[in-house]
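Chemist: this one's sequence-less:
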């Protein structure tokens, strides 16, 4: 029987893996935190906050909670002059505005796709070139070595 061994995945390797794609970054809490910090520095954190609110909203099962969460997302991100208004086209905003009276868990899908696309094409590449990301990767490289884990 072959012997199995494991290697500790260093934070550096993990941080470098975030550069593979935005899904990898968003699925990792440390990556998400770093990305949020970057977006805050650029005054555009509403995009990732909206995306996260939509992800949470899609998991909602109760019709009552769907309605209240939809109203909260609408008032916080969609309505004109919202505190964290996202940049979406008029037609998408209009469709959401007409459907908010009877929301479904999919009522923000089109806006979420637009925001995701904006982050993937614009914010994510800038994040990978940012001082925040470089410092994170560089600081974790110092003194980090693969560590042998005990056999299981």
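Modeler: In hand now; what should we look at? Keep in mind it's a predicted model, so treat the numbers as computed, not measured. Numbering: from 1, shown residues only.

Chemist: what helices or strands is the helix or strand bottoming out on mean pLDDT in the chain leaning on?
Modeler: Using mean pLDDT, DSSP states H and E, helix 11-17 stands out as the lowest-scoring helix or strand of the chain, at a mean of 71. If contacts are counted by 3 or more C-beta pairs under 8 Å, 6 or more residues apart in numbering; DSSP states H and E, helix 11-17 sits against helix 29-41, helix 131-141. C-beta coordinates here come from the backbone N, C-alpha and C atoms, glycine included.

Chemist: helices or strands up against the helix or strand following that helix?
Modeler: Later in the chain than helix 11-17, the nearest helix or strand by DSSP states H and E is helix 22-27. Applying 3+ C-beta pairs under 8 Å, 6+ apart, one finds that helix 22-27 contacts helix 29-41, helix 124-129.

Chemist: apply 6 Å and report the result again.
Modeler: Using 3 or more C-beta pairs under 6 Å, 6 or more residues apart in numbering; DSSP states H and E, the elements in contact with helix 22-27 are helix 29-41.
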